[in-house]
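Undergrad: coordinates for the following, if possible.
(chains A, B, C and D)
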2 protein chains.
Amino acid sequence: MSRWKPDAQGRLMSAAIELFDEQGYEATTVAEIAERAGLTKRTFFRYFSDKREVLFSGSHELQRVWLEGVAAAPTDATPLAVVAAGLDPVAEMFTERHDFARIRAGIIDANPELQERELIKLQNLAGAIKAALVERGVSPNAAILAAQAGVTVFHVAFAHWVEQDDPTAFRRLMDESLEELRSVTAA
Amino acid sequence: MSRWKPDAQGRLMSAAIELFDEQGYEATTVAEIAERAGLTKRTFFRYFSDKREVLFSGSHELQRVWLEGVAAAPTDATPLAVVAAGLDPVAEMFTERHDFARIRAGIIDANPELQERELIKLQNLAGAIKAALVERGVSPNAAILAAQAGVTVFHVAFAHWVEQDDPTAFRRLMDESLEELRSVTAA
DNA sequence: ATCTTGATGACACCAGGTGACATACCCACC
DNA sequence: GGTGGGTATGTCACCTGGTGTCATCAAGAT
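TA: Below you'll find the model as predicted:
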C-alpha cells in the first residue's frame, strides 16, 4: 500500500471540473480544488503550471493524434489535404467524449481567461502542424496558412459539435467547415 | 491649471512600454509603472482592466479602421473581398507606427501571457468582422470562416512586417499572404 | 540497517487585482 | 462668493494566484 492515493493529477482534474461546473471558474479557488482532491495548493501547482491549465492538459493528446494523421497522409497530397488528414483521427478521439467536451466547453465559454488559454493552445497546435508541413517540404508561408486554416476549421466545427446532440457528427461538421472555407476563399 | 497632469492613460502606456522594454514585462510591477507615470497602482487599474491591457488598448482602433474598410466595400463583393477591403486602411494606419510596432511586438513575443491576450483580441476582431458580414447578408458559417481567414492573413503579414525594415511593405505583405492562402485552399 | 529518491506538506512571501472610503479640485448655480 | 455635486485620484485593507524553501515520510536500492 503506497503512501498516497493514486492518480493525484486525475483527482485534481476531476475535482476542478466538478467545482467549476458547480460554482463557476472564478468563484473556485485553487485551495478548494486541492482540498477536494485531498491535496494541498502547493501540490496543485506541481502538476499544473497555473489554474487554467487543469482544463487543458488534454491538448497534448489532441496534438499527438492530429500529427499522427498528418504523418500518415500520402506524400503527394496538397498542404491542406495533409492538414485535413489529421481530422479523421481527431474526430474519432472526440466522439466518445461528447458529454465531457460539452461541460468543459460551457466552462470555457463563460470565462475570457480560459478562452485565451484555448486560443494559445490552438496556436501552438497550428505551429506544430506547420512544422510538420515544413518537414515535408512545404514552404513556411504556405505551411503556416494551411495549418492555421485547418485549426480554424477544427475550432469552428468543434463549436457546432458541442452545441448539438449527435456525438458522431464531428467528422461531418469538420468536412462542412472545410468545404465552406474552400468556397469562401475561392477567387 | 488643473489639479492633475493631463493624459494619465497615455502616461501610463508610455511608462509601461519603457519599463517593459528596459527590464522585461514580468520583471516590471504595476506599482513601478504607476510610479513612473506619477500615479498609484489603484489608478492604473482604473484605466486598464489588467496589467496586460496597457499594451492592447490600441486594438480598438484597429477594429474601427478595419470595419470602416469593410463598410466601404462594394455591395456585390465576395465575403473574402469584403474582409480584404479592410486591409487597405489598416495598412495605412500601421505604416507610420513601424518603430512602435516593433518594440511592442518584441515585448509580446517574449511573453506567453501577452500572446494570449493578442490572440483573443484578434478573435474579437474576427467576431466583429463576422457580424459585419452577417449584417450584409453573408451566412454565419461563411462569415466566420472569411473573417478568420482575413485575420489570419493580417496576423501572418504583421509578423513578417515587423521583422523587416520597410515600413511601407505592410500592404504588399498582406496581399502576398492572401494570395498564398487562396492558393493553399484551392481544391 | 542505512541511503537515496520522489511525492507531498507547511510556511512565508510577492504581485496582481478589488472594494470601500477619503480627499481635493472643478464647475454650476444661487 | 459661498455652496454642493461630480470626477479623478489617493489610501488602506484584503483576497487569491503563484513560487521558493525546507521538512517529512514512505518505497526501494545497496
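
Undergrad: now the host helix or strand of A:A91, how far from the centre of its chain.
TA: When secondary structure is defined by DSSP states H and E, A:A91 falls within helix A:87-95. Helix A:87-95 sits 11 Å away from the centroid of its parent chain (C-alpha atoms, centre = their mean, to the nearest Å).

Undergrad: wait, does that helix contact chain B?
TA: No: figure legend: helix A:87-95 not in contact with chain B (C-beta under 8 Å from any C-beta of the partner chain); closest approach 14.7 Å. (C-beta placed from N, C-alpha, C; glycine too.)

Undergrad: state the mean pLDDT of the very next helix or strand once past that helix.
TA: Next helix or strand after helix A:87-95 toward the C-terminus (DSSP H and E): helix A:98-109. Average pLDDT, helix A:98-109: 98.

Undergrad: quick one: the residue nearest the centre of chain A and DNA strand C, what's the gap?
TA: Chain A has A:S59 as the residue nearest its centroid, 4.4 Å off, counting by C-alpha atoms, centre = their mean. The gap separating A:S59 from DNA strand C is 21 Å, by C-beta to the nearest atom of the strand, to the nearest Å.

Undergrad: okay, now the closest residue to that residue other than its chain neighbours: neighbour count?
TA: Closest residue to A:S59 apart from its sequence neighbours, by C-beta to C-beta, 6 or more residues apart in numbering or on different chains: A:K121 at 4.4 Å. Neighbours of A:K121 under the rule other C-beta atoms under 10 Å in any protein chain shown: 21.

Undergrad: just checking, what packs against the stretch of helix or strand A:K121 belongs to?
TA: When elements are assigned from DSSP H and E, A:K121 belongs to helix A:112-135. If contacts are counted by 3 or more C-beta pairs under 8 Å, 6 or more residues apart in numbering or on different chains; DSSP states H and E, helix A:112-135 sits against helix A:59-71, helix A:79-84, helix A:98-109, helix A:140-163, helix B:112-135.

Undergrad: list of residues touching stretch A:127-137?
TA: A:63, A:66-67, A:70-71, A:75, A:79, A:82-83, A:86, A:140, A:142-144, A:146-148, A:150-151 (C-beta atoms under 8 Å, 6 or more residues apart in numbering or on different chains).

Undergrad: who in chain A is up against DNA strand C?
TA: Chain A has residues A:4, A:8, A:34, A:38-40, A:42-43, A:46-47 near DNA strand C, with proximity defined as C-beta under 7 Å from any atom of the strand.

Undergrad: hang on, the earlier thing: got a quick PyMOL command for the buried subset of the contacts of stretch A:127-137?
TA: In PyMOL syntax, the buried subset of these is picked out as below (16 or more other C-beta atoms under 10 Å in any protein chain shown):
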select buried, chain A and resi 63+66+67+70+79+82+83+86+142+143+144+146+147+148+150+151
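
Undergrad: phi, psi of A:A73?
TA: Backbone torsions for A:A73, taken as degrees, to the nearest 10, come to phi -70, psi 150.

Undergrad: could you report the neighbour count for the closest residue to it other than its chain neighbours?
TA: Leaving aside its chain neighbours, A:A73 sits nearest to A:A85 (3.7 Å; criterion: C-beta to C-beta, 6+ apart). Neighbour count of A:A85, defined by other C-beta under 10 Å: 19.

Undergrad: that older thread, the helix holding A:A91 packs against which elements?
TA: helix A:59-71, helix A:140-163, helix A:170-185.

Undergrad: can you redo the residues of chain A next to DNA strand C as JSON lines with pLDDT and distance to A:F170?
TA: Formatted as JSON lines, the residues of chain A next to DNA strand C follow (pLDDT from 0 to 100; distance: C-beta to C-beta, whole Å):
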{"residue": "A:W4", "pLDDT": "77", "distance to A:F170": "37"}
{"residue": "A:A8", "pLDDT": "94", "distance to A:F170": "31"}
{"residue": "A:A34", "pLDDT": "98", "distance to A:F170": "34"}
{"residue": "A:G38", "pLDDT": "96", "distance to A:F170": "35"}
{"residue": "A:L39", "pLDDT": "97", "distance to A:F170": "34"}
{"residue": "A:T40", "pLDDT": "97", "distance to A:F170": "38"}
{"residue": "A:R42", "pLDDT": "98", "distance to A:F170": "38"}
{"residue": "A:T43", "pLDDT": "98", "distance to A:F170": "35"}
{"residue": "A:R46", "pLDDT": "98", "distance to A:F170": "34"}
{"residue": "A:Y47", "pLDDT": "98", "distance to A:F170": "29"}
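
Undergrad: among those residues, which ones are in helices?
TA: With DSSP state H as the criterion, helices contain A:8, A:34, A:42-43, A:46-47 from among these.

Undergrad: ok, stretch A:96-116 near DNA strand D or not?
TA: No: shown here: stretch A:96-116 not in contact with DNA strand D (C-beta under 7 Å from any atom of the strand), separated by at least 8.8 Å.

Undergrad: what comes up buried for that stretch?
TA: For stretch A:96-116, by 16+ other C-beta under 10 Å, it's A:98, A:101-102, A:104-105, A:107-108, A:111, A:113-116.

Undergrad: quick check: residues of chain A near chain B?
TA: Checking chain A against chain B by C-beta under 8 Å from any C-beta, the hits are A:78-80, A:112, A:115-117, A:119-120, A:123, A:141-142, A:144-146, A:148-149, A:152-153, A:156, A:176-177, A:180-187.

Undergrad: show the buried residues in the residues you listed.
TA: So, by 16+ other C-beta under 10 Å, the buried ones in these are A:78-80, A:115-117, A:119-120, A:123, A:141-142, A:144-146, A:148-149, A:152-153, A:156, A:176-177, A:180-185.

Undergrad: ok, back up a step: per-residue pLDDT, the residue nearest to A:S59?
TA: pLDDT for A:K121: 98.

Undergrad: close enough to count as contact, the residue nearest to the centre of chain A and A:Q123?
TA: No: using C-beta atoms under 8 Å, A:S59 makes no contact with A:Q123, being 11.0 Å away.
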